[in-house]
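Everything below, folded, please.
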Amino acid sequence: VFCTNWKTGDQCRYCNINAAQQVRKGEVATRKKPEQIGEVAAAAIEEGINIHLLLSGGTLPEKKAADIFAECCESIREHTGLEKAPGCVNMAAPVDLSEIDRLYQAGALSVGIDLEVWNPHMFKAICPGKSKFIGRENWLRALEYAAEVFGQAYCFSAFVLGLEEKDNYYEAADYLADKGGFTALIPWIPLKGSK
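Residues are numbered from 1 along each chain as shown. The predicted model follows:
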């Protein structure tokens with residue numbers, strides 16, 4: 001779990017992912033190996049647990065993120081014998097849309113590409129790294145493409161609830177529903193280490 005936008009001071013203003021890592025260094029495993037994730041998934045299924053895994057972790061360079069997530073999906077499939085990795089890959093929007101195809105081929109069941117903020121001006125102000133290095137238009141293009149690849153209702157975008165006027169969330173939900181995706185709203189909570 002790491003976000004490259006912190007290197008340049010362009011992290012999302014509500015986020016504390018890297019700051020929390022420093023405070024809790026050594027207390028929490030920040031990266032699990034694909035083999036470990038596959039083994040845990042298999043053990044859970046063997047115990048009769050109906051699993052839904054969320055593979056996530058900050059904004060990474062797109063090829064590196066797709067590599068990690070594809071390896072995890074393949075490991076889950078290998079260890080469980082399932083056709084699809086049950087759950088969701090949650091990643092930054094790749095500029096190269098073939099990375100979405102690669103995740104689908106690796107067995108990802110669904111994908112979350114979190115825009116976080118709907119209003120274009122607020123997106124730029126609140127998510128400066130995402131705006132600068134990927135761009136809102138690329139984010140929307142990736143969401144639309146992912147909905148085509150994964151199928152209706154297997155693609156979503158999360159928004160941080162409480163940062164914008166509620167009409168923006170309605171507009172985002174309408175837009176995504178029209179494209180075959182859905183909206184997830186995550187309440188904003190002020191976190192130590194965020195801007």
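
pLDDT at the nearest residue to Asp114 once chain neighbours are set aside, what is it?
With C-beta to C-beta, 6 or more residues apart in numbering as the criterion, Asp114 has its nearest non-adjacent residue at 4.2 Å, and that residue is Ala158. Heads up, the C-betas are built off the backbone N, CA and C, glycines and all. In the prediction, the pLDDT value recorded for Ala158 is 95.

Would it be right to say that Ala158 lies in a strand?
Yes - under DSSP: H, G, I helix; E, B strand; the rest coil, Ala158 sits within a strand.

Dig out what it forms beta bridges with.
In this entry, Ala158 is beta-bridged to Ala184, by DSSP bridges.

wait, what's in contact with it?
Shown in contact with Ala158 (C-beta atoms under 8 Å, 6 or more residues apart in numbering): 90, 112, 114-116, 183-186.

Show me the longest helix that occurs in this structure.
Scanning the chain for the longest helix, with DSSP state H as the assignment, gives helix 62-80.

what's the following helix or strand after that one?
strand 85-90 (DSSP states H and E).

got any ranges where the protein has weak pLDDT?
1-2, 17-30, 58-63 (pLDDT under 70).

Let's see that with 90 instead.
Low-confidence regions of the chain, defined by pLDDT under 90, span residues 1-32, 56-67, 95, 133, 152-153, 188-195.

show me where it has strands.
Secondary structure of the chain by DSSP state E: the strands cover 53-55, 85-90, 108-112, 155-161, 182-187.

Pro128: which of those strands is closest?
Evaluated with C-beta to C-beta, these place strand 155-161 nearest to Pro128, the distance being 14.5 Å.

residues of that closest one that come out buried?
155-157, 159-160 (16 or more other C-beta atoms under 10 Å).

what do you get for stretch 132-142?
133-134, 136, 138-140, 142.

ok, which pair from the residues you listed is furthest apart?
The largest separation in the buried residues of stretch 132-142, counting by C-beta to C-beta, is between Phe133 and Leu140 at 15.4 Å.

wait, what's in contact with Cys12?
Counting by C-beta under 8 Å, 6+ apart, Cys12 makes contact with 5, 116, 126-130.

let me redo that: His79
With contacts defined as C-beta under 8 Å, 6+ apart, the neighbours of His79 are 38-39, 41-42.
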